[in-house]
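**Student:** Return a 3D structure for these sequence lines:
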Amino acid sequence: MVTRPFPDARPDSHSARLTAPDRLSALDTAGLLDTPTEEVFDRAVRLATRITGTPVGLLSLVDGNRQFFKAQTGLTGDVARARQTPLSHSFCQYVVTEDAPLAVSDARDHALLKDNLATHELGVVAYLGVPVHGPEGQPLGSFCAIDNQPHDWTEAQVASLTDLSRMIETEIALREMLDDRQLLLREMNHRIKNIFAIISGIIRLSRRQEKSTDDLATALESRVQALAQAHELIVPVVVAHEQAGPQISLQKLIATLLEPHLDREIERVTIDGPNLILGQKAVTYLALVFHELATNAAKYGALSDTVGRLTVRWRHEGDQVLIDWSEEGIAKRKHAPTPGHGFGTELLQISVERQLDGTLETAFSDGAMTRHIALPEATLRQ
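**Tutor:** Just a heads-up that it's a prediction; the model follows:
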């Protein structure tokens, strides 16, 4: 990355970039604000000061109001103890909003920085900062070296700080991936427990319908095979490094996940929408979403008896795909979970909102429930 000087005046777009919802969301997802010091980050800032010959090094995370020092070396006094300052004392905020390496040799002579309180109260004279990004590319903060006297930065120093910031980005990305993997392993454990309940329901359903032992065995075999096929759509989430196979349509995905729960003699499920071929990532996370919805419908909702109806429709609206999962005729049950709580709800929100950049809203009325899901069409192609 090529360094450039700080802007001479605060850009008009500065505040909007600093408080952009997607950037603040990425900062929150990283989970580093207001956390204890960690050697993996402290080591990086110590190395930065040795490379640049400066007294101070920081890993500074910037939100809409302050900068928090996840790692620091060379600070003293109240600032070192607080590990943060308001933006009135921040050079790092400009590295974030410019999303580029910025350098100044003497802030006391710079039109924008000479009035910054970091110059007057913290003794910041020379500064070199490179942006630190989250896994989706949003700038989270600045990895920087600071001198209390004029300093002419070299290209080698800029390159070294950039390399160190890339190492920090890798650490952040790995942590996020491991957090997601842990959640998904919990989900698989949750699913395995549900499979036993689903199979019990399949046995009860088949026993009511079939007249002979042979017919019962055939029905059970076909339904358990359908359940296994639905389960195969979920496995790629946990082994995400493997290929999930060929792309499939949204229609086929939903039908496959619903098949184990359906009574073939009662037409109470409608699946309708334009043909939409899904990419691997979309198949993976939508499989989780619709498996969760189908399981809940079979245990507590419209598929838990013979009077409920389920309608799944989707349509294009601009650059989004809108999906409505609607259940009617839901009987009240003593042991049904409270809507909007629990692991299943968390899984739905993470899959739709965090992984697929969509929104999920739920509407309840007497004996009915609708899940409104809006997803960017571009994300569904991934």
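**Student:** I'd guessed Ala378 sits against Asp319; true?
**Tutor:** Yes. Here Ala378 reaches Asp319: they are 6.9 Å apart, a contact under C-beta atoms under 8 Å. (C-beta placed from N, C-alpha, C; glycine too.)
**Student:** With neighbour numbers in mind, choose between those two.
**Tutor:** Legend: neighbour count by other C-beta atoms under 10 Å for Ala378 and Asp319, higher for Ala378 (11 against 8).
**Student:** Distance from the chain centre to the host helix or strand of the more buried one, please.
**Tutor:** Applying DSSP states H and E as the criterion places Ala378 in helix 377-380. For helix 377-380, the separation from the chain centroid amounts to 15 Å (computed by C-alpha atoms, centre = their mean, to the nearest Å).
**Student:** on contacts alone, who are the packing partners of it?
**Tutor:** helix 280-299, strand 320-328 (3 or more C-beta pairs under 8 Å, 6 or more residues apart in numbering; DSSP states H and E).
**Student:** Can you tell me which of these is packed in deepest?
**Tutor:** Of all these, helix 280-299 has the most neighbours on average by mean count of other C-beta atoms under 10 Å, namely a mean of 23.
**Student:** Could you tell me the least trusted of the helices and strands packed on helix 377-380?
**Tutor:** Here these differ in mean pLDDT, and the lowest is helix 280-299 at a mean of 80.
**Student:** Gln251 against Gly273, yeah?
**Tutor:** Yes. Assessed by C-beta under 8 Å, Gln251 is found in contact with Gly273 at 6.8 Å.
**Student:** Which segments of the protein make up each domain?
**Tutor:** 13-175, 210-380 (automatic domain parsing).
**Student:** and Arg4, which of those is closest to it?
**Tutor:** domain 13-175 (6.1 Å; C-beta to C-beta).
**Student:** distance between the ends of the closest one?
**Tutor:** Counting by C-alpha to C-alpha, to the nearest Å, you get 31 Å between the two ends of domain 13-175.
**Student:** just how off-centre is it within its chain?
**Tutor:** 24 Å.
**Student:** Secondary structure element for Phe68, which one?
**Tutor:** strand 66-73.
**Student:** Now the element after that strand, going C-ward?
**Tutor:** In N-to-C order, the element after strand 66-73 by DSSP H and E is helix 77-82.
**Student:** In its sheet, which strands sit next to the helix or strand that that following helix is followed by, and in what direction?
**Tutor:** As assigned by DSSP H and E, the chain's next helix or strand after helix 77-82 is strand 84-86. With DSSP bridges as the test, strand 84-86 is paired with strand 66-73 (antiparallel).
**Student:** Put the alpha carbons of the partner strand into PDB.
**Tutor:** What follows is strand 66-73 as a C-alpha-only set of coordinates in PDB (Å, rounded to 0.1, in the frame of the first residue of the first chain):
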ATOM      1  CA  ARG A  66     -13.900   7.200  20.500                       C
ATOM      2  CA  GLN A  67     -10.800   5.100  19.800                       C
ATOM      3  CA  PHE A  68     -10.000   2.100  21.900                       C
ATOM      4  CA  PHE A  69      -6.500   0.700  22.200                       C
ATOM      5  CA  LYS A  70      -6.700  -3.000  21.900                       C
ATOM      6  CA  ALA A  71      -2.900  -3.000  22.100                       C
ATOM      7  CA  GLN A  72      -0.400  -0.300  23.000                       C
ATOM      8  CA  THR A  73       3.100   0.200  24.000                       C
END
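**Student:** how close does Leu113 sit to Ala48?
**Tutor:** 20 Å (C-beta to C-beta, to the nearest Å).
**Student:** what about the two, which has more around it?
**Tutor:** Counted by other C-beta under 10 Å, Leu113 and Ala48 do not tie: Ala48 has more neighbours, with 27 against 21.
**Student:** Give the other helices and strands that the helix or strand containing Thr256 contacts.
**Tutor:** Under DSSP H and E, the secondary-structure element containing Thr256 is helix 250-258. Helix 250-258 sits against helix 213-232, strand 269-272, helix 280-299, strand 309-317, with contacts defined as 3+ C-beta pairs under 8 Å, 6+ apart.
**Student:** what about the stretch 101-250 of the chain, any weak spots by pLDDT?
**Tutor:** 180-185, 187-202, 204-210, 218-247 (pLDDT under 70).
**Student:** Please enumerate the helices of it.
**Tutor:** 117-121, 155-209, 213-232, 250-258 (DSSP state H, counting those that start in this stretch).
**Student:** who touches the shortest one?
**Tutor:** Contacts to helix 117-121, defined as C-beta atoms under 8 Å, 6 or more residues apart in numbering, come from residues 85, 88-91, 107-108, 113, 124-125.
**Student:** What is the burial count for His151?
**Tutor:** By other C-beta under 10 Å, 21 other residues sit near His151.
**Student:** give the contact list for the closest residue to it other than its chain neighbours.
**Tutor:** Once flanking residues are discounted, His151 sits nearest to Ala126: 3.5 Å by C-beta to C-beta, 6 or more residues apart in numbering. Applying C-beta under 8 Å, 6+ apart, we find Ala126 in contact with 54, 104-107, 146-147, 149-151, 153.
**Student:** again, but for Val307
**Tutor:** 329, 331.
**Student:** out of the helices and strands packed on helix 250-258, nearest to Glu328?
**Tutor:** strand 309-317 (4.7 Å).
**Student:** And that closest one, what does it pack against?
**Tutor:** Applying 3+ C-beta pairs under 8 Å, 6+ apart, one finds that strand 309-317 makes contact with helix 250-258, strand 269-272, strand 320-328.
**Student:** Strand partners (parallel or antiparallel) of that strand?
**Tutor:** strand 269-272 (parallel), strand 320-328 (antiparallel).
**Student:** before we move on, the earlier item: rebuild the helices and strands packed on helix 377-380 as JSON lines, extending it with distance to Val79.
**Tutor:** Below are the helices and strands packed on helix 377-380 laid out as JSON lines (distance: least, C-beta to C-beta, whole Å):
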{"stretch": "helix 280-299", "distance to Val79": "42"}
{"stretch": "strand 320-328", "distance to Val79": "45"}
